[in-house]
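Colleague: Provided below are the primary sequence and the corresponding predicted coordinates.
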Amino acid sequence: MNQTQAASPPPPAPEKSGIAWELWGTGVISAAIVLWFFGIVPLFGAGRDLSALGWLRSAWNSDNDYGHGVIFPFLIAGLIIYRHQDIRAAAKTGSFWGLLAVLLGAACYMLAFRTLQPRVAVAGLPFLLWGAAWHLWGWQVARIVSFPLFFFWLAIPLPSFQQATMHLQLLATALAHHGAGCCGVATYTQGTDILPVKGDWPPLSIAGGCSGIHSLMALLMISAAWAYVAKIALWKKVLLFTSAVPLAIAGNALRVTSIFVIAEYGDAKWARETWHDWSGLLLFYPFSLLLLLGLHSLLEGGLPWHHSRHKQLRRRVVSHSSPANPPPPVA
């Protein structure tokens, strides 16, 4: 008996994954161009002697309440490295649509050049990088790196930002006044000054630095990165990020109250000078981060590291069921 064997079609070629090496040359050239215009060409500043990134670096100072800005490049790099395996797996053929985002970033730079507004140029930089990732490696890579890149917007100091601190100064004054009263320290307020009723310590003024605006901006940076890596639903991520505002206000109120309590019951000079300078690091951030961890645990239903471990264990289910329609035996 002649048996004919049907020719089976050739197996499909495996889909090319990962970042093709020939694209690295294009990426390096594009990065060099961006570095030239944003990091070297002097167009901004009072004497037009600063590049866009040079102006941004000069604006990261304590006077602007953006002294934490120097952390942003390292934090962004860490967030991208955190997803590097997902990026390598998602890298496919690029898309022409990414060039539209690149053109939008270039338009922001041209507008900044015409208006002498370095903030506009720096705000366009994420569009350039995001569009380049989309064009070179596809939409999935662009989607993964979108948050780390546009997270950079939080590092741009806002114009006339200091004028917005007055309301926070008044709020910090009221909270510190009531907080000190709860600790048995009788005070009264005059504007943003808090004076003792019976104590012999000099009046303490809630200046702009004590309003908590610097701590608020730093905590917003931390909470945004925290929410990004948290394995929770999107609305929970948004809630975790926005919680930085009330947490920063509560933490700053506790910090300022502690200064008055130490001034009343301890050394007023040490409270005004040493503790005032170190209380943010020793009291505000531990207290605020602990509250942020508590909120995250509440949203996730347990401590994040324990809850994530339980999820992984529940997902490992092995099925040993036999097929519903087994093939007939061969005679």
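Modeller: Right, received. Where do you want to start? Computed from a prediction, not measured in an experiment: that's the story for all the values here. Numbering: from 1, shown residues only.
Colleague: neighbours of residue 182, how many?
Modeller: 9 (other Cβ atoms under 10 Å). No exception for glycine: its C-beta is placed from N, CA and C like everyone else's.
Colleague: for it, report the pLDDT, please.
Modeller: We have a pLDDT of 89 for residue 182.
Colleague: before we move on, what about residue 265?
Modeller: Note on residue 265: pLDDT of 87.
Colleague: with residue 252 instead?
Modeller: The model's pLDDT for residue 252 equals 88.
Colleague: gap between it and residue 217?
Modeller: Applying Cβ to Cβ, to the nearest Å, the value for residue 252 to residue 217 is 12 Å.
Colleague: do residue 195 as well
Modeller: Residue 195 is 30 Å from residue 217, by Cβ to Cβ.
Colleague: name the helices or strands packed onto the lengthiest helix in the chain?
Modeller: As assigned by DSSP state H, the longest helix anywhere in the chain is helix 244-265. Applying 3 or more Cβ pairs under 8 Å, 6 or more residues apart in numbering; DSSP states H and E, one finds that helix 244-265 contacts helix 165-182, strand 193-196, strand 204-205, helix 213-229, helix 276-279, helix 285-300.
Colleague: who are the packing partners of whichever helix or strand comes after it?
Modeller: Proceeding N to C from helix 244-265, the next assigned helix or strand is helix 268-270, under DSSP states H and E. Applying 3+ Cβ pairs under 8 Å, 6+ apart, we find helix 268-270 packed against no helix or strand.
Colleague: and the contacts of helix 268-270?
Modeller: Identification of contacts with helix 268-270 by Cβ atoms under 8 Å, 6 or more residues apart in numbering yields 199, 200, 201, 202, 262.
Colleague: quick one: mean pLDDT over it.
Modeller: 87.
Colleague: follow-up on the earlier one: and the contacts of helix 268-270, which of them are buried?
Modeller: Among these, those buried by neighbour count (16 or more other Cβ atoms under 10 Å) are 201, 262.
Colleague: please identify which of the contacts of helix 268-270 is nearest to residue 70.
Modeller: Distance to residue 70 across the contacts of helix 268-270 (Cβ to Cβ) is lowest for residue 262, with 30.7 Å.
Colleague: so the residue lying closest to that closest one once chain neighbours are set aside versus residue 263, what's the distance?
Modeller: Setting aside the residues directly before and after it, residue 262 is nearest to residue 271 in space (Cβ to Cβ, 6 or more residues apart in numbering), at 3.9 Å. For residue 271, the distance to residue 263 (Cβ to Cβ) stands at 4 Å.
Colleague: more crowded one of those two?
Modeller: Between residue 271 and residue 263, residue 263 has the larger neighbour count (other Cβ under 10 Å), namely 25 against 21.
Colleague: the more buried one against residue 273, yeah?
Modeller: No - using Cβ atoms under 8 Å, residue 263 is not in contact with residue 273; the gap is 10.8 Å.
Colleague: before we move on, back to that, I'd say the residue nearest to residue 262 and residue 256 touch.
Modeller: No - the criterion here is Cβ under 8 Å, and residue 271 misses it with residue 256 at 10.7 Å.
Colleague: domain map for this protein?
Modeller: Per automatic domain parsing, the structural domains of the chain span 21-159, 162-313.
Colleague: between those domains, which gets the lowest average pLDDT?
Modeller: Among these, domain 162-313 scores lowest, with a mean of 84.
Colleague: just how off-centre is that one within its chain?
Modeller: With Cα atoms, centre = their mean, to the nearest Å as the basis, domain 162-313 stands 19 Å off its chain's centre.
Colleague: what's the closest of the contacts of helix 268-270 to residue 224?
Modeller: Closest to residue 224, out of all of these and judged by Cβ to Cβ, is residue 262, at 32.8 Å.
Colleague: OK, contacts around the closest one?
Modeller: Residue 262 neighbours (Cβ under 8 Å, 6+ apart): 268, 270, 271, 275.
Colleague: that one and residue 178, how far apart?
Modeller: Distance from residue 262 to residue 178, by Cβ to Cβ: 17 Å.
Colleague: and what of residue 81?
Modeller: 45 Å.
Colleague: wait, residue 218 touches residue 66, no?
Modeller: No - with contacts counted by Cβ under 8 Å, residue 218 stays clear of residue 66, the gap being 9.0 Å.
Colleague: returning to what we had before: and residue 195 and residue 217? Which one has more around it.
Modeller: Neighbour totals were compared for residue 195 and residue 217, and residue 217 leads with 22 against 15 (other Cβ under 10 Å).
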